[in-house]
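*Asks:* No sequence on hand, only this structure:
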Ligand SMILES: [Zn+2]
């Protein structure tokens, strides 16, 4: 019994740390070739993206499917149940809006932010085709074109305090 509780606690802590706190795990399916985690949102209200009014009127529910970072070499997919809310502001042009999960993935993205970050790193250190092959080796199906697009979107973050001097390699009149 103690062992069983320990497994439950560990699983709970692992899952909690992986997702925003408002997403609750419903079940986990471990297949031969992939892992699927089913989640649902516990939020009771959301702000309209157009007018920022808080709404708690749910119009319907929908599911978003996306790929996340692998777990022990198995591709991980998330199936997340989210709400569509009715905007409660009568002056707003948006009637119904979808619940967003910005911390985890951008709107309409089929991959989590952290998976996209990893793929971007892959594509910055090698050719897009080589990066796509490497992804295929670890069971992540992504095209060279997508990797190229990710690498083009990448913007280096420069810590200005770390720049002491600028070197000029070439100089000519
Ligand atoms: Zn609105």
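*Replies:* Here it is on my side, so go on. Keep in mind it's a predicted model, so treat the numbers as computed, not measured. Residues are numbered from 1 along each chain as shown.
*Asks:* Need the per-residue pLDDT for residue 148.
*Replies:* You'll see residue 148 listed with a pLDDT of 89.
*Asks:* Same check on the one 5 residues further on?
*Replies:* Reading off the confidence values, residue 153 has pLDDT 84.
*Asks:* Next, give phi and psi for the closest residue to residue 50 other than its chain neighbours.
*Replies:* Once flanking residues are discounted, residue 50 sits nearest to residue 94: 4.1 Å by Cβ to Cβ, 6 or more residues apart in numbering. In this view, the C-beta of every residue, glycine as well, is placed from N, C-alpha and C. Dihedral angles of residue 94 (phi, psi; degrees, to the nearest 10) stand at phi -80, psi 120.
*Asks:* And for residue 121?
*Replies:* With angles defined as degrees, to the nearest 10, residue 121 sits at phi -60, psi -40.
*Asks:* List the residues that contact it.
*Replies:* Residue 121 makes no contacts at all, as judged by Cβ atoms under 8 Å, 6 or more residues apart in numbering.
*Asks:* middle-most residue in the chain, spatially?
*Replies:* residue 112 (2.0 Å; Cα atoms, centre = their mean).
*Asks:* quick one: that residue and residue 151, what's the gap?
*Replies:* 18 Å (Cβ to Cβ, to the nearest Å).
*Asks:* hmm, back to that, what's the local residue count around the residue nearest to residue 50?
*Replies:* 15 (other Cβ atoms under 10 Å).
*Asks:* now swap in residue 76 and tell me
*Replies:* 21.
*Asks:* Quick check: residues of the protein near the ion?
*Replies:* By Cβ under 5 Å from the ion, the residues of the chain that approach the ion are 48, 50-51, 87, 89, 92, 94.
*Asks:* Fine, thanks again, bye for now.
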